[in-house]
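Q: give me coordinates for this.
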Amino acid sequence: MPTNKKRAKTAENEVAGSFDGAHRHVIYERLMNAISEHRLQPGTKLSEDRLAAIFNVSRTTVRSVLQQLAHELVVTIVPNRGAFVASPTVEEARELFEARRQIELPIIEKVCRCATKKDLARLRAHVAQEDEARRRDDRRTTVRLSGEFHVMLAQVSGNRFIERTMRGLQMLTCLTILLYNAPTAQACLHDEHARLIDAVEAGNAKLAQKIMDEHLEHIEATLRLHGPEEENDDLESILVHGL
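A: Residues are numbered from 1 along each chain as shown. Sure thing, here's the model as predicted:
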């Protein structure tokens, strides 16, 4: 039988673990929101000491959050240098959109089969928030809400692993937009989310997938994803062939 002292110590450890888990969740959410709202730039150093001081937690707690973000590819940890907000390369950006197509088209098909009236109401309420943010010309909030819409679709599909994967991909999309942004790139056109919901409500999986595919193409098309060879070709065209 455990002694009273052992039981008290066990209870104390459980409480400490609960507080630590709560702190990790807060730090994780704050960092993810800052990235999705474009307040944290690609390549920003995430100092363990500074984050520990900001959140009044131990470096160990901060380190566990950074490792989780690194696992999700949102943060890059460089040996002997520290953690940095990820900076996707052009090749990685292209692979990112390919991955999103492979994941999100099956997601929307499943959502067409399983979405409830409550799910549809939540999605429409979220789109209303996006429209309100656009009306206020609040670009940061618009970008964050646009990304969250895609994560919500993954939630509706009912697969927690896909939801977690989708959130990581969405964060990488935000970083990609920051790196390769044309000034007008807001990630999502204003009516496409509403059209997606209409297709889901109608149970038209084929149409929903078509809208989603076009939607992702529109996002990618707003970005300047040119590799070095393409840039050199453009330079040659400008300086030589344009004479």
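
Q: I'd say V156 and D119 touch.
A: Yes - counting by CB atoms under 8 Å, V156 does reach D119; the two are 4.8 Å apart. From N, CA and C alone the C-beta is placed, and that goes for glycine too.

Q: neighbouring contacts of stretch 194-201?
A: With CB atoms under 8 Å, 6 or more residues apart in numbering as the test, stretch 194-201 has contacts from 108, 111-112, 115, 120, 123-124, 127, 153, 205, 207-208, 211-212, 215.

Q: quick check on the residues you listed: which are buried?
A: 108, 111-112, 115, 120, 123, 127, 153, 205, 207-208, 211-212, 215 (16 or more other CB atoms under 10 Å).

Q: need the max-distance pair from those residues.
A: Among those, the pair separated by the greatest distance (CB to CB) is V127 and A205, at 19.6 Å.

Q: that older thread, which neighbours do V156 and D119 share?
A: The contact sets of V156 and D119 overlap at V111 (CB under 8 Å, 6+ apart).

Q: name the residue in those two with the higher neighbour count.
A: Neighbour totals were compared for V156 and D119, and V156 leads with 23 against 19 (other CB atoms under 10 Å).

Q: next, that one: secondary structure please.
A: Look at V156: counting by DSSP: H, G, I helix; E, B strand; the rest coil, its state is helix.

Q: got a list of what it touches?
A: Per CB under 8 Å, 6+ apart, neighbours of V156: 111, 114-115, 119, 123.

Q: next, format the residues you listed as TSV and append pLDDT and distance to E201.
A: Listed next are these as TSV, based on pLDDT from 0 to 100; distance: CB to CB, whole Å:
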residue	pLDDT	distance to E201
V111	98	10
C114	96	13
A115	97	8
D119	98	10
L123	97	9
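
Q: circling back to that earlier point, in helices only, show me the buried ones among the contacts of stretch 194-201.
A: Using DSSP state H, 108, 111-112, 120, 123, 127, 153, 205, 207-208, 211-212, 215 are the members of the buried ones among the contacts of stretch 194-201 that sit in helices.

Q: same list, those, but as TSV with distance to T173 please.
A: Below are these laid out as TSV (distance: CB to CB, whole Å):
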residue	distance to T173
I108	16
V111	19
C112	23
L120	24
L123	19
V127	18
L153	14
A205	23
L207	23
A208	20
I211	18
M212	14
H215	12
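
Q: closest to R136 out of the residues you listed?
A: When those are compared against R136 (criterion: CB to CB), the nearest one is V127, at 15.2 Å.

Q: so how far is L145 from the closest one?
A: Distance, V127 to L145, by CB to CB, to the nearest Å: 9 Å.

Q: quick one: the strands in this protein, in order.
A: For the chain, the strands defined by DSSP state E occupy 45-46, 75-78, 82-85.

Q: where does pLDDT dip in this structure?
A: In the predicted model of the chain, residues 1-19, 182-190, 226-243 satisfy pLDDT under 70.

Q: the domain parsing of this protein - what is it?
A: For the chain, automatic domain parsing gives the domain ranges 4-85, 90-221.
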